[in-house]
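A.B. asks: Have a look at this fold, sequence not included:
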């Protein structure tokens, strides 16, 4: 009988029958007994995966919040530096005007800082980008933009839009 067991283990037809016929039959017979255990294992694995997912999501949310807080601090520091530098340059222009330096007072009227508080990075914007920003401005603000535009670039589209907004 030992020979028949070793022969069946070597015989490829017996191996195929074991794999495709007897194994599925045995699985069905045993599956009915072990189905509740398999369901419990599946539920446990799904619950563990859910806990790990929630932990990962919470950790990433904390990192995002910290990054946003850091960016906000950097922005406030940057704005503080910009505000301080504009105060220093205004004090210099006042001192030079008081000293009778008319040559530096004229370019100061067209200085970048006079327009950047209305439209940040004005010089880097195209006329198409500037036009929508003009719509909500007061007449005094429009005059500042017009003075700056005439001194620097004299873009006809920008100047025409300012005139249109004034005329209503």
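C.D. replies: Nice, thanks for sending it over. Everything numeric in this text was worked out from a predicted model, so none of it was measured.
A.B. asks: Provide the secondary structure category for residue 16.
C.D. replies: When classified by DSSP: H, G, I helix; E, B strand; the rest coil, residue 16 comes out as helix.
A.B. asks: From here on, call the first residue 24.
C.D. replies: From this message on, residue numbering opens at 24, which makes the last subject residue 39.
A.B. asks: Can you give me the distance of it to residue 45?
C.D. replies: 10 Å (CB to CB, to the nearest Å). Where C-beta positions appear, they are placed from N, C-alpha and C, glycine not excepted.
A.B. asks: now residue 138
C.D. replies: For residue 138, the distance to residue 45 - CB to CB - is 87 Å.
A.B. asks: so which helix or strand takes in residue 48?
C.D. replies: Under the criterion of DSSP states H and E, residue 48 resides in helix 46-121.
A.B. asks: For that helix, the averaged confidence score.
C.D. replies: When pLDDT is averaged over helix 46-121, the result is 79.
A.B. asks: Tell me which other helices or strands that helix touches.
C.D. replies: helix 125-132, helix 135-139 (3 or more CB pairs under 8 Å, 6 or more residues apart in numbering; DSSP states H and E).
A.B. asks: domains for the chain, by residue range?
C.D. replies: Using automatic domain parsing, the domain parsing of the chain gives 32-124, 133-191.
A.B. asks: As a markdown table, the ones you listed with mean neighbour count would be great.
C.D. replies: Converted to a markdown table, those look like this (neighbours: other CB atoms under 10 Å):
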| stretch | mean neighbour count |
| --- | --- |
| domain 32-124 | 10 |
| domain 133-191 | 14 |
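A.B. asks: can you tell me how far residue 167 sits from residue 174?
C.D. replies: 11 Å.
A.B. asks: same question, residue 156
C.D. replies: 18 Å.
A.B. asks: For residue 160, give me the backbone phi and psi.
C.D. replies: phi -90, psi 150 (degrees, to the nearest 10).
A.B. asks: can you pull the contacts of it?
C.D. replies: 141, 168, 188 (CB atoms under 8 Å, 6 or more residues apart in numbering).
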